[in-house]
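>>> need a structure here:
(2 chains)
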Amino acid sequence: SQQGEEDPQALSIQEGENATMNCSYKTSINNLQWYRQNSGRGLVHLILIRSNEREKHSGRLRVTLDTSKKSSSLLITASRAADTASYFCATEPGNTPLVFGKGTRLSVIA
Amino acid sequence: DAGITQSPRHKVTETGTPVTLRCHQTENHRYMYWYRQDPGHGLRLIHYSYGVKDTDKGEVSDGYSVSRSKTEDFLLTLESATSSQTSVYFCAISESPGSSPLHFGNGTRLTVT
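Model (predicted):
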């Protein structure tokens, strides 16, 4: 069963715009991670946010976590065509392997 | 790609035949995982290993077995392949089960006809 659920399933934006993806999960977690997958490739880790953190930045990425709402968001600022990919959230319910959502497919149009 | 190699990259096989996929790492990470990725389902965990000869089942383990005889290799075997096992299979490694990032291989695309 899926722990995380990304929203929207697909997103299409113009280059230079910001992209926001959301992730909701069901049970309490120790941390939440975001991954990117380019077509035909494996997933690449983007950022990890722990349950006691509310916000984290990495370059053009900003992740927020609201444990009271069991939700997280990934913001990509000033998007580029190279950001076109699928983005997945993954949660760690408790010292167990990560559980992935179904992903958001982002298309950035030049 | 973080020293992870999956082989083969592509395979077509017939229903009922056994198939073994291999994952090889050069990072000396303790944890190794097999996930499958299907449209509409995202990634689902098949089996994972937390050390040599130590393995455990994931969400979708039926029809699959694994073995890990040395740190660097994790094998996934489909005992008797079925069409429902047509999928893209990803191996991943990590230093701990959930609190460290996973590093993924580039996947094996398996087609069962």
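
>>> Return the residues in contact with the closest residue to B:Thr86 other than its chain neighbours.
Excluding the flanking residues, the one nearest B:Thr86 by C-beta to C-beta, 6 or more residues apart in numbering or on different chains is B:Val112, at 4.8 Å. Where C-beta positions appear, they are placed from N, C-alpha and C, glycine not excepted. By C-beta atoms under 8 Å, 6 or more residues apart in numbering or on different chains, the contact list for B:Val112 reads B:12-15, B:19, B:81-83, B:85-86.

>>> so B:Glu14 makes contact with B:Ser83?
No - the pair B:Glu14 / B:Ser83 is not scored as a contact, 10.0 Å apart, by C-beta atoms under 8 Å.

>>> Need the overlap of contacts for the two.
Common contacts of B:Glu14 and B:Ser83, defined by C-beta under 8 Å, 6+ apart, comprise B:112-113.

>>> Tell me what the residue nearest in space to the middle of chain B is bridged to.
Taking C-alpha atoms, centre = their mean, the centroid of chain B lies closest to B:Trp34, which sits 2.8 Å from it. Beta-bridge pairing for B:Trp34 (DSSP bridges): B:His47, B:Cys91.

>>> could you list every residue that touches it?
Applying C-beta under 8 Å, 6+ apart, we find B:Trp34 in contact with B:21, B:23, B:45-48, B:58, B:64, B:66, B:74, B:76, B:89-91.

>>> any idea how far it is from B:Cys23?
7 Å (C-beta to C-beta, to the nearest Å).

>>> who touches both of these two?
Each of B:74, B:76, B:91 lies in contact with both B:Trp34 and B:Cys23 under the rule C-beta under 8 Å, 6+ apart.

>>> can I get those residues in JSON lines with neighbour count and pLDDT?
Output for the shared contacts of B:Trp34 and B:Cys23, formatted as JSON lines (neighbours: other C-beta atoms under 10 Å in any protein chain shown; pLDDT from 0 to 100):
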{"residue": "B:Phe74", "neighbour count": "28", "pLDDT": "98"}
{"residue": "B:Leu76", "neighbour count": "22", "pLDDT": "98"}
{"residue": "B:Cys91", "neighbour count": "28", "pLDDT": "98"}
